[in-house]
Each structure stands twice: as C-alpha cells, then as structure tokens.
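Engineer: Quick one: sequence plus predicted model below, questions after.
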Amino acid sequence: MFSLRKRNTAVPKIAGKAGTRTAASLVTTILNNKSARQARECRRARKHKARKAGQDRNEPLPATPHADCYTNHEMASAVTETKTMRPGMDLPRASAWLAVLAALLTATAALPAQETKAPELSPCDLVRATVANEVAADNHPEILHMFRSRKQTPKGSQTRIYVETADALAAMLVAVNDQPLTPEEQKTETDHLAWLVNTPDQLRKKRAREKDDEERTMRIVKALPDAFVYEYAGTEKSAAGLGEADDPLAKLTFKPNPDYSPPTHVEQVLGGMQGFLLIDTKTRRLARIDGTLFREVSFGWGILGHLNEGGHFSVQQGDLGLGDGAWGLTEIKLNITGKILMVKSLSMISDEILSDFRKMPENLAFAQAVEMLKTEQEKLARNTHSEQPSEAQKTPQ
C-alpha cells in the first residue's frame, strides 16, 4: 500500500541503423531535418506566388525580401499555411521548444541515477517481523530492572515496587490509595518475602507460575501474524513510554482471520477480538495492542468458561530511557468480565502504570532483591515522616 516506485531518470535511448543514440542527439537530427523541410516549403511558396503573378515557370524567380529562408524568419508565415505545423505554432517557436527539450535531456543525462528505495512491507509481513523481534527480546531474561507499579481498580489503588531477578519476581506493597502502609502492614510484607527466601520450594512454585503466565502471553504474541487480517490505518506519534522517542508509529487495524484455527484454548480468545496495533517502524517493536471482544468467547465448548462481549484491553510498551535501548511494559488497561467453569465470576478491571525503571545487576538473586526492597521501603518511610507536620506545627498559634 505504501510502496514507492522509482522514477527512471536515465536518458532514453533510441536504436537506429547507426547503433544507439541519446535523445539529445536525436533532437539535433530533428532540428536539421526541420531546417531542410523549411527550405523546401520556402521554394514552393515562392513558385506558387510567381504563378499567380503570371510569371513563366521556366523564368528564374525574382529575389524578394523573403527569398532567403535560412536567414529571414518572416518566411515562417508561408510555412504556417501548410498542414505540417500545428495551428498557432510557427517554426521558430517549435525549434525553440525542441532546443529546450534537448537541453533538458542533456542535463538529465548528467544526473546521478537515483537509488532504488525498497518497498514497504505488507501489513502482515510488518507484524511478522515485529513479532520476531518481540520473541527475540523475550529470550534475553538476563536484562533485569527495578520499577514501580500503580494499579487502580474499582476497590482503590495499590502501589508496589518490583525487582526482577534470576529466580522470580520480587514485589513489595508500599502504598494503598496513595497512602503509606502502617508499621503492621509493612511487617506483613517483609515477613512474606522472608518466608519466600527461606522456603525454596515455594519460591520455585512462584517461578513456575510466572513462567506459565509468560508462556501464555508469548503464545498470544506469536499467533498475531496468522490470527488476524491487518490493514494500514495511518501513523501516530510516539510518546513517553510508547515506542521510542521521535519514532513514527504505524497503526494497523486487525480483525479475525477466518482461515485461522487456534491450536489451544489460549488462542481461542483471538477469534472474537478486533482492534489495532501501533508498531515502531524503526525498531519494529510492538508499541501498543488495543483489542475489544466483539462477541462472547467460550473456552472448551463453554465448559472451561467464557469472556463477555464488550471486553477491552490495552497494553503498551516503549523505550525505558536508560540509554541501553531496553524496552518494557509501561501501561496495562483491562476491562474484561466473564465466568470460569460456568460458576466462578471473572472480573479483571484495572489501569496499571509502570514507571521509575532502574537497571539491576545480572544474575541478581531473589534474596538480594528482597534487601533492595527493604531499603526502598525505609526510604519511603523517612520521606513520609519528613513530609508530615510536627506536633508544634499542628498546634494552632
């Protein structure tokens, strides 16, 4: 759709008896031929006027101011009476236009040939290349970060600090409804982390659950090229946390591919989804996926559960601004309801913002991450205490 064709700037060549000639030399030949025709037309015109005047055909033609057709352009008035010229165009003007054409062609021949610009990818091929990059990025878990998450739900907000490790994801709740935890709540958090550190079996189970979630997510991502039909829908600008700074984002709408057969129940949700993607065209990374369920989607013939029509989600990621080109999730919006096993209600309604990313050392252990979280908790407690007014400030003067 966005393919560009190269404009050929090479001088056209014409094959003749003498071989191959440039268009410039051809125009010169045309000009010479027109001069010869002009002379013949001049002679015919003089003879025609002489016969009208009763002059003998064998007598020499008298010299007139118009006799020299090579030097006097007034003879062009006689030529315009012939059918060889377009009305309103005399020979001098025609010759001038041909001369200009010859000059243009000669100048064009001196221009360097333009480089061939590769055509843009088709929408599906762009998605396929982007998914390949996402899979490659997921295969490098050694890049670890600490970051902050604020999740808003109908019940309120929770703020956590996360640290990625080689063992599992360490997390600590630090605020509820934007208010710091009480000492009792802080102790509950630290006790739970200490329990995970001292119970390797539970830590392995935690890691297994996280790995299952990651694999389900990647199954959805890998299915994107085949599960949908895509169309280009313009471009959007990147923003903080959305793509890479100053990179254009291609917008592609999608709808289910009728020929796609989901291999497992994980991909079945894609059959009832439509929406759009934003792809960073320079890095070919997925900046946002925004999907809406336009019909109810069932799992396992409805036995395992279903998702209600109208469900919506949006996930975006971008450059983390750490100077190393690392990308990460920066926003997750969910508004999905349904049922599990036909009995248990499912409700995932939240807006989550991830920020304040910091790079962590490679091969960071879970126990080390817990100590970092404790340090962050102490910093927050000190900052909160310093911001609170003292008893003297509370007492009215």
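Structural biologist: Noted; the coordinates are in hand. Residues are numbered from 1 along each chain as shown.

Engineer: Going along the chain, name the helices of the protein.
Structural biologist: Assignment of helices within the chain using DSSP state H yields the ranges 23-52, 76-79, 91-110, 123-138, 183-197, 200-227, 366-387, 391-394.

Engineer: Report the separation between the two terminal residues of stretch 260-267.
Structural biologist: 10 Å (Cα to Cα, to the nearest Å).

Engineer: Rounded mean pLDDT for it, please.
Structural biologist: The average pLDDT for stretch 260-267 rounds to 90.

Engineer: List the buried residues of that stretch.
Structural biologist: The neighbour-count check on stretch 260-267 (16 or more other Cβ atoms under 10 Å) flags 260, 267 as buried. C-beta: built from backbone N, CA, C; applies to glycine.

Engineer: Leaving out chain neighbours, which residue sits closest to Gln274?
Structural biologist: Excluding its sequence neighbours, the residue lying closest to Gln274 (Cβ to Cβ, 6 or more residues apart in numbering) is Lys255, at 4.6 Å.

Engineer: Next up, the contacts around the one you found.
Structural biologist: By Cβ atoms under 8 Å, 6 or more residues apart in numbering, the contact set of Lys255 is 228-229, 274.

Engineer: who wins for most neighbours among the residues you listed?
Structural biologist: Counting neighbours by other Cβ atoms under 10 Å, Phe228 leads the contacts of Lys255 with 24 neighbours.

Engineer: Give me the mean pLDDT for stretch 129-141.
Structural biologist: Throughout stretch 129-141, pLDDT has a mean value of 89.

Engineer: Where does pLDDT dip in the chain?
Structural biologist: 1-119, 141, 300-303, 384-397 (pLDDT under 70).

Engineer: what do you get if the cut-off is 80, keeping everything else the same?
Structural biologist: 1-120, 140-142, 299-304, 341-343, 381-397 (pLDDT under 80).

Engineer: Now do the domain split for it, please.
Structural biologist: Annotated domains of the chain cover 22-110, 123-388 [automatic domain parsing].

Engineer: Spatially, what comes nearest to Leu293 if we skip its sequence neighbours?
Structural biologist: Spatial nearest neighbour of Leu293, chain neighbours left out: Gly311 (4.1 Å); criterion: Cβ to Cβ, 6+ apart.

Engineer: likewise Val269?
Structural biologist: Val297 (5.1 Å).

Engineer: Equivalent analysis for Gly305, please.
Structural biologist: Spatially, and ignoring its direct neighbours in sequence, Gly305 is nearest to Ile340 (4.2 Å; Cβ to Cβ, 6+ apart).

Engineer: coming back round to it: would you mind measuring from the residue nearest to Gln274 to Val229?
Structural biologist: Per Cβ to Cβ, to the nearest Å, Lys255 is found 6 Å from Val229.

Engineer: Equivalent analysis for Ser157, please.
Structural biologist: Ser157 sits at a distance of 38 Å from Val229 (criterion: Cβ to Cβ).

Engineer: all strands for the stretch 201-350 of the chain, in order.
Structural biologist: Taking DSSP state E, counting those that start in this stretch as the criterion, the stretch 201-350 of the chain contains strands spanning 228-237, 248-256, 273-280, 285-293, 297-299, 305-307, 312-319, 327-340, 344-360.

Engineer: in the longest one, what's buried?
Structural biologist: By that I understand strand 344-360. By 16+ other Cβ under 10 Å, the buried positions in strand 344-360 come out as 350, 352, 354, 357, 360.

Engineer: Closest to Pro262 out of those?
Structural biologist: If you rank the buried residues of strand 344-360 by distance to Pro262 using Cβ to Cβ, Ser350 comes first, at 25.9 Å.

Engineer: which residues does the closest one bridge with?
Structural biologist: Counting by DSSP bridges, Ser350 forms beta bridges with Leu334.

Engineer: Now do the same contact list for it.
Structural biologist: Ser350 sits next to 151-153, 332-334 when contact means Cβ under 8 Å, 6+ apart.

Engineer: Now do stretch 292-307: distance from first to last residue.
Structural biologist: Using Cα to Cα, the two ends of stretch 292-307 sit 11 Å apart.

Engineer: And it, what's buried?
Structural biologist: For stretch 292-307, a neighbour-count test (16+ other Cβ under 10 Å) marks 292-293, 297-299, 305-307 as buried.

Engineer: got the residues you listed as JSON lines, with distance to Ala136 columns?
Structural biologist: Output for the buried residues of stretch 292-307, formatted as JSON lines (distance: Cβ to Cβ, whole Å):
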{"residue": "Thr292", "distance to Ala136": "29"}
{"residue": "Leu293", "distance to Ala136": "30"}
{"residue": "Val297", "distance to Ala136": "30"}
{"residue": "Ser298", "distance to Ala136": "34"}
{"residue": "Phe299", "distance to Ala136": "30"}
{"residue": "Gly305", "distance to Ala136": "33"}
{"residue": "His306", "distance to Ala136": "34"}
{"residue": "Leu307", "distance to Ala136": "30"}
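
Engineer: What count of nearby residues applies to Leu252?
Structural biologist: As a burial measure, Leu252 scores 21 neighbours (other Cβ under 10 Å).

Engineer: Could you list everything it pairs with in the sheet?
Structural biologist: Tyr232, Leu277.

Engineer: Would you agree it is in contact with Val229?
Structural biologist: No - applying Cβ atoms under 8 Å as the test, Leu252 and Val229 come out as separate, 10.1 Å apart.

Engineer: which non-adjacent residue is nearest Glu236?
Structural biologist: Leu249 (4.6 Å).

Engineer: my read: the one you found touches Ala287, true?
Structural biologist: Yes - shown here, Leu249 and Ala287 form a contact pair, counting by Cβ under 8 Å, at 5.5 Å.
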